[in-house]
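Asks: Take a look and give me a structure for this.
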Amino acid sequence: MATYILLTRLAPEAVGEPKFVEKLERKVTDRIHKHCPEVKWIGSYSVLGPYDYLDIFEAPDAEAATKVALLVRSFGHGTTETWLATPWERFVEIAKKATG
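Replies: The predicted model follows:
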């Protein structure tokens, strides 16, 4: 499985009440578990900067990762950006083959 990073920025009105954020997180989690059982969640973090949250998960392919991002966005309270994360050791192997 590949590792993906999902960055989420919430709309300002979504963070007005802390309880709303907690409820939204539960709804998103439930929907992802229901519609993407093949996805393994690694962790969720609140971050400082242009995004509010950083989630790390494993998915079998880009289609499954896209589905996760679409499910998060389906609530209408945020925007997302998804990145494929390659382990450093694998990156070095790929680089050696590409330049060798």
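Asks: okay, CA-based contacts and neighbour counts for the rest of this
Replies: Fine.
Asks: now Pro12: how far from Tyr51?
Replies: 12 Å (CA to CA, to the nearest Å).
Asks: now the strands for the chain?
Replies: Secondary structure of the chain (DSSP state E): strands at 2-10, 40-46, 53-59, 78-85.
Asks: So for Phe20, which of those strands sits nearest?
Replies: Taking CA to CA, strand 2-10 is the member of the strands of the chain nearest to Phe20, at 11.6 Å.
Asks: Select the longest helix from the protein.
Replies: Assignment by DSSP state H gives helix 18-35 as the longest helix of the chain.
Asks: Go through that helix and flag the buried ones.
Replies: Counting neighbours by 16 or more other CA atoms under 10 Å, one finds that the buried residues in helix 18-35 are Leu24, Val28, Ile32.
Asks: still on that earlier bit, comparing Pro12 and Tyr51, which residue is more hemmed in?
Replies: Higher neighbour count among Pro12 and Tyr51: Tyr51, with 16 against 9, using other CA atoms under 10 Å.
Asks: who touches the more buried one in this structure?
Replies: Leu7, Thr8, Arg9, Leu10 (CA atoms under 8 Å, 6 or more residues apart in numbering).
Asks: Repeat that for Ala64.
Replies: Contacts of Ala64 by CA under 8 Å, 6+ apart are Cys36, Val39.
Asks: gap between it and Thr82?
Replies: Taken as CA to CA, the span from Ala64 to Thr82 is 12 Å.
Asks: How about residues contacting the least confident helix or strand in the chain by mean pLDDT?
Replies: Taking mean pLDDT, DSSP states H and E as the measure, the chain has helix 18-35 as its least confident helix or strand, at a mean of 86. Outside of helix 18-35, the residues within contact range by CA under 8 Å, 6+ apart are Ala14, Val15, Val39, Val68, Leu71, Val72, Phe75.
Asks: Check the residues you listed for burial and list the buried ones.
Replies: Here, 16+ other CA under 10 Å leaves Val39, Val68, Leu71, Val72 buried among those.
Asks: Can you tell me the closest non-neighbouring residue to the first one?
Replies: Spelled out, that is Val39. Ala59 (4.8 Å; CA to CA, 6 or more residues apart in numbering).
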